[in-house]
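A.B. asks: Sequence and predicted structure, then a few things I'm wondering about:
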Amino acid sequence: TPVSSKVFIQRDYSSGTICRFQTKFPSELESRIDKQQFEETIQTLNNLYAEAEKLGGKSYLEGCLACLTAYTIFLCMETHYEKVLKKIARYIKDQNEKTYAPRGLLLTDPIERGLRVVEITIFEDRSIGSGR
Amino acid sequence: MKNCEYQQIDPQALSTPTPTPPPHAAAAESGNEQDKKAKRPRRKWEVFPGKNRFYCDGRIIVARQSGVLPLTLGLILVTSGLFFIFDCPFLVKHLTGCIPVIGGVLFVFVVITLLQTSFTDPGILPRATPDEAADIEKQIDNTGNTTYRPPPRTKEVLINQQVVKLKYCFTCKMFRPPRTSHCSLCDNCVERFDHHCPWVGNCVGKRNYRFFYTFIVSLSFLTAFIFGCVTTHLALRAQGGKGLVFALQESPVELVICFFSVWSILGLSGFHTYLVASNLTTNEDIKGSWSGKSGAEDTTNPYSHRNIFINCCSVLCGPMPPSLIDRRGFLPTEESAQTSSAEVETPSLAAKNEINVVGGSSQLACGLQDSPSPVPAPPNSHQNSSFA
């Protein structure tokens, strides 16, 4: 039966309250994956979250329109943030399939942890039974 | 403290083999509750640990005490109702037909934004999963000291060249992100916590601040408008000479309510406009976090964009963040093989450790923390492998 431990990549608050995760490579993953691969994954996630939270013409337009309708459009429309979250979910699934699962690792979408951490589960094959 | 363990882990471990989870599932984080006995899949809001109430199968969230929300709604409805019934006909005849239209639009705006402020998740942070909590505790223990006093539960980060202290929340078992505060009335950590408003019966935080602001601004306009109309109505009647006493008899309720609320609500709107322009929260303003009251050095607000226009836009028109608590998601059922391996180890743990299911107080029972050997797999992480 596979045994697992977890590594938590915490948030990086140096730029404020925007969603960013630390890119520091945890020592527990040293034997499993390249530092560069890991950093690329986290950096891409950070970029995607930055895209979701970006302040710009489009988001202001969405916000103003919402205000004019007393925010009722939030009930029927999918917000920009939600669209990017779906993109992030697809990216994570993709990364898991291509890069992490073959190495016995599993990324958990941060949204399932309240955007607090990126949880990486490390599977180790102890006895019989193939790893996941 | 070196030998500390989390009550949260044990009840879950126990609940896996035994069919009925303990009633104090409040200690368990919403995504991790396993209920093998449930015939129908349960939604996460049903096991939410905070003091909130949910309606419409999790679509609507309110604080436990709805405060004076019924009163607020009642006052608005009564005042507006009196306005439409008594003042509008007179004013339409004597002034213009736009009056009820403007009044109607403002009224609709006020009611909709009030309900949205009350029923929207203000930005509640879900509590840490037991694995996360264990991981954080391990980190604190590594850096802390071994005196009798528990290690200081703060962490300092540098945000835009400003030192900010992050506090550890004993209830939610995590370091609070910046600008997050724990509301004791709702028993939740709320992001960008502004204040808990009894008038709307909910916390005001990151997700519903714009609704709240729109509510108080439109309410100021509405009360000022009604006040103006009533005064005009009375003045016109007084000029006419005959119906003054009659008019005064009907209007005092509106007059009184409007008179007192206009000033207080205008004041509140003005205050919040200042907060929005400087990108502050009521919480920060009251505590004087950035005004240098507490520190000698020159502290500035690290979250401000240094431009009033940008501050306003980012607070009011920024992207709408999603709700992090996933109220309507289904609880995961027992599935992975890891959990079954956990079952083997948990009875021994359960036997060793004291089981104190505490609904979020700061006490940590001191039991044995599993095996002293750290890696590869502290058994705690097994029990919790049924993460969502």
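C.D. replies: Cool, got the structure.

A.B. asks: and B:F54, how many residues sit next to it?
C.D. replies: 17 (other C-beta atoms under 10 Å in any protein chain shown). Heads up, the C-betas are built off the backbone N, CA and C, glycines and all.

A.B. asks: Ok, A:T79 next?
C.D. replies: For A:T79, the count of nearby residues is 19 (other C-beta under 10 Å).

A.B. asks: Please work out the residue of chain A nearest to chain B and name it.
C.D. replies: Nearest residue of chain A to chain B, counting by C-beta to the nearest C-beta: A:G63, 2.8 Å away.

A.B. asks: residues in contact with that residue?
C.D. replies: Taking C-beta atoms under 8 Å, 6 or more residues apart in numbering or on different chains, we find A:G63 in contact with B:210, B:313, B:316-320.

A.B. asks: what helix or strand is it on?
C.D. replies: In the assignment (DSSP states H and E), A:G63 maps to helix A:57-68.

A.B. asks: for B:H182, helix, strand, or coil?
C.D. replies: For B:H182, the assignment made with DSSP: H, G, I helix; E, B strand; the rest coil gives strand.

A.B. asks: Over to B:A224?
C.D. replies: Judged by three-state DSSP, the three-state class of B:A224 is helix.

A.B. asks: In which helix or strand does the nearest residue to it once chain neighbours are set aside reside?
C.D. replies: Excluding its sequence neighbours, the residue lying closest to B:A224 (C-beta to C-beta, 6 or more residues apart in numbering or on different chains) is B:V262, at 5.5 Å. Assigned by DSSP H and E, B:V262 belongs to helix B:252-278.

A.B. asks: Give me the buried positions along that helix.
C.D. replies: Residues of helix B:252-278 classed as buried by neighbour count (16 or more other C-beta atoms under 10 Å in any protein chain shown): B:254-255, B:257-258, B:261-262, B:265-266, B:268-269, B:272, B:275-276, B:278.

A.B. asks: Then stretch A:21-39?
C.D. replies: Within stretch A:21-39, the residues that count as buried by 16+ other C-beta under 10 Å are A:21-23, A:25, A:29, A:32-33, A:37-38.

A.B. asks: now, which of the residues you listed sits nearest A:D109?
C.D. replies: Nearest to A:D109 among those is A:F21, at 12.1 Å by C-beta to C-beta.

A.B. asks: for the residue in chain B that chain A sits nearest to, what are its contacts?
C.D. replies: With C-beta to the nearest C-beta as the measure, B:C317 is the residue of chain B nearest to chain A, at 2.8 Å. B:C317 makes contact with A:59-60, A:62-64, A:67, B:210, according to C-beta under 8 Å, 6+ apart.

A.B. asks: Show the secondary-structure elements that the helix holding B:V262 is packed against.
C.D. replies: The contact analysis (3 or more C-beta pairs under 8 Å, 6 or more residues apart in numbering or on different chains; DSSP states H and E) places helix B:252-278 against helix B:69-82, helix B:209-240, helix B:282-287, helix B:308-316.

A.B. asks: mind redoing it with 6 Å?
C.D. replies: helix B:69-82, helix B:209-240, helix B:308-316 (3 or more C-beta pairs under 6 Å, 6 or more residues apart in numbering or on different chains; DSSP states H and E).

A.B. asks: which of these is buried the deepest?
C.D. replies: Scoring the helices and strands packed on helix B:252-278 by mean neighbour count under mean count of other C-beta atoms under 10 Å in any protein chain shown gives helix B:209-240 as the most buried, with a mean of 20.

A.B. asks: then the strand ranked longest in chain B to CSV, C-alphas only?
C.D. replies: Scanning chain B for the longest strand, with DSSP state E as the assignment, gives strand B:162-169. Extracted in CSV, the C-alpha atoms of strand B:162-169 (Å, rounded to 0.1, in the frame of the first residue of the first chain):
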residue,chain,number,x,y,z
GLN,B,162,6.8,47.5,5.2
VAL,B,163,7.0,45.0,8.1
VAL,B,164,3.7,43.3,8.7
LYS,B,165,3.1,40.9,11.5
LEU,B,166,0.9,37.9,10.7
LYS,B,167,-0.8,36.3,13.6
TYR,B,168,-1.6,32.6,14.1
CYS,B,169,-5.2,31.9,14.5
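
A.B. asks: What is the next helix or strand after it packed up against?
C.D. replies: Using DSSP H and E, the helix or strand that follows strand B:162-169 in sequence is strand B:174-175. Applying 3+ C-beta pairs under 6 Å, 6+ apart, we find strand B:174-175 packed against no helix or strand.

A.B. asks: redo that, cut-off 10 Å
C.D. replies: helix B:130-143, strand B:154-159, strand B:162-169 (3 or more C-beta pairs under 10 Å, 6 or more residues apart in numbering or on different chains; DSSP states H and E).

A.B. asks: one step back: could you dump the buried residues of stretch A:21-39 into TSV with secondary structure and distance to chain B added?
C.D. replies: Converted to TSV, the buried residues of stretch A:21-39 look like this (DSSP: H, G, I helix; E, B strand; the rest coil; distance: C-beta to the nearest C-beta, whole Å):
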residue	secondary structure	distance to chain B
A:F21	strand	12
A:Q22	coil	11
A:T23	coil	15
A:F25	coil	16
A:L29	helix	12
A:R32	coil	12
A:I33	coil	16
A:Q37	helix	21
A:F38	helix	18
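
A.B. asks: Could you check the pLDDT of the nearest residue to the residue of chain B closest to chain A once chain neighbours are set aside?
C.D. replies: Nearest non-adjacent residue to B:C317, counting by C-beta to C-beta, 6+ apart: A:G63, 2.8 Å away. pLDDT for A:G63: 84.

A.B. asks: how far away is the residue of chain A closest to chain B from B:S314?
C.D. replies: Using C-beta to C-beta, to the nearest Å, A:G63 is found at 9 Å from B:S314.

A.B. asks: thinking again about what came up before, if we go by neighbour counts, what in whichever helix or strand comes after the helix holding A:G63 is buried?
C.D. replies: The helix or strand immediately downstream of helix A:57-68 is helix A:73-76, counting by DSSP H and E. Within helix A:73-76, the residues that count as buried by 16+ other C-beta under 10 Å are A:F74.

A.B. asks: Kindly check the end-to-end length of stretch B:56-65 for me.
C.D. replies: End-to-end distance of stretch B:56-65 (C-alpha to C-alpha, to the nearest Å): 18 Å.
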